[in-house]
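Peer 1: for reference, the sequence and a predicted model appear below.
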Amino acid sequence: MKKPGRRPALLSGLRALEIPTSPQTGISIEALELAVQTYDNIKAVVMMPYLQNPLGSIMPDAHKKRLAQLCEEREIPLIEDDTYGELAESEIPLTAIKAWDRSGNVIYCTSLDKVLAPGSMFSNSNRFEHFCRINCGLPYSKDLDHALLRLGQTVTRCLRT
């Protein structure tokens, strides 16, 4: 987990290992490699490659490729949170880490709420039905669950056209 980012994970009951980050390159791949060598029970890497708060870094393609390869080699799922990708100003098109995924190891998640409608909490994931669970702070409702799933499918279709 990039630093800072530990507090939300701890509040969720997860144990998180912070990895140092740089304003120029984002997460330190070398520090992540050391962590992977040191700890044999890393379950996932959660990464925000663009405009991660508070540094606002944009991870270079070479780092994204190394990160995807490292996680694939170690069979550690890489969760790519691309919430701010559409807001990043760059002279060249930004490429998601998912572009270097050869085995389906990268779980790509994005959100429309920062771009289209702040506060609306839209989301999209390449593995939505398998990996994402929505918690609105309300008691479980099959109707709400079905409506959110349909909304996610509709947004996904719109994004693909």
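Peer 2: Perfect, thanks for sending it.

Peer 1: may I see the buried residues of stretch 22-29?
Peer 2: Of all the residues in stretch 22-29, those buried under the rule 16 or more other C-beta atoms under 10 Å are 26, 27, 28, 29. The way it works is simple: take the backbone N, C-alpha and C, and place the C-beta from them, glycine included.

Peer 1: how about stretch 43-53?
Peer 2: Neighbour-count burial for stretch 43-53, counted by 16+ other C-beta under 10 Å, picks out 45, 46, 47, 48, 49, 50, 51, 52.

Peer 1: just these now: which is nearest residue 98?
Peer 2: Using C-beta to C-beta, residue 49 comes nearest to residue 98 of the buried residues of stretch 43-53, at 10.0 Å.

Peer 1: let me see the contact set for the closest one.
Peer 2: Residues near residue 49 by C-beta atoms under 8 Å, 6 or more residues apart in numbering: 26, 58, 59, 64, 80, 82, 85, 96, 97.

Peer 1: the helices in this protein, which residues?
Peer 2: Per DSSP state H, the chain carries helices over the ranges 6-11, 29-38, 61-73, 128-131, 142-160.

Peer 1: OK, contacts around residue 65?
Peer 2: When contacts are counted by C-beta under 8 Å, 6+ apart, residue 65 is found next to residue 100.

Peer 1: give me the pLDDT for it.
Peer 2: At residue 65, the model reports a pLDDT of 94.

Peer 1: domain map for the chain?
Peer 2: 1-110, 114-161 (automatic domain parsing).

Peer 1: quick one: average pLDDT of the shortest one?
Peer 2: To tie it back to what came earlier, the one meant is domain 114-161. According to the model, domain 114-161 has a mean pLDDT of 57.

Peer 1: can we start the residue count at 11 from this point?
Peer 2: In the new count, where the first residue is 11, that last one comes out as domain 124-171.

Peer 1: C-alpha coordinates for stretch 45-54, PDB please?
Peer 2: Taking C-alpha atoms only, stretch 45-54 is exported to PDB below (Å, rounded to 0.1, in the frame of the first residue of the first chain):
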ATOM      1  CA  ALA A  45       8.800  -6.000   1.300                       C
ATOM      2  CA  VAL A  46       7.800  -8.900  -0.900                       C
ATOM      3  CA  GLN A  47      11.100 -10.600  -0.100                       C
ATOM      4  CA  THR A  48      10.800  -9.900   3.600                       C
ATOM      5  CA  TYR A  49       7.100 -10.900   4.100                       C
ATOM      6  CA  ASP A  50       5.700 -14.000   2.600                       C
ATOM      7  CA  ASN A  51       2.000 -13.300   3.400                       C
ATOM      8  CA  ILE A  52       1.300 -10.200   1.300                       C
ATOM      9  CA  LYS A  53      -2.200 -10.700  -0.100                       C
ATOM     10  CA  ALA A  54      -2.500  -7.800  -2.500                       C
END
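
Peer 1: perfect, I'm done here.
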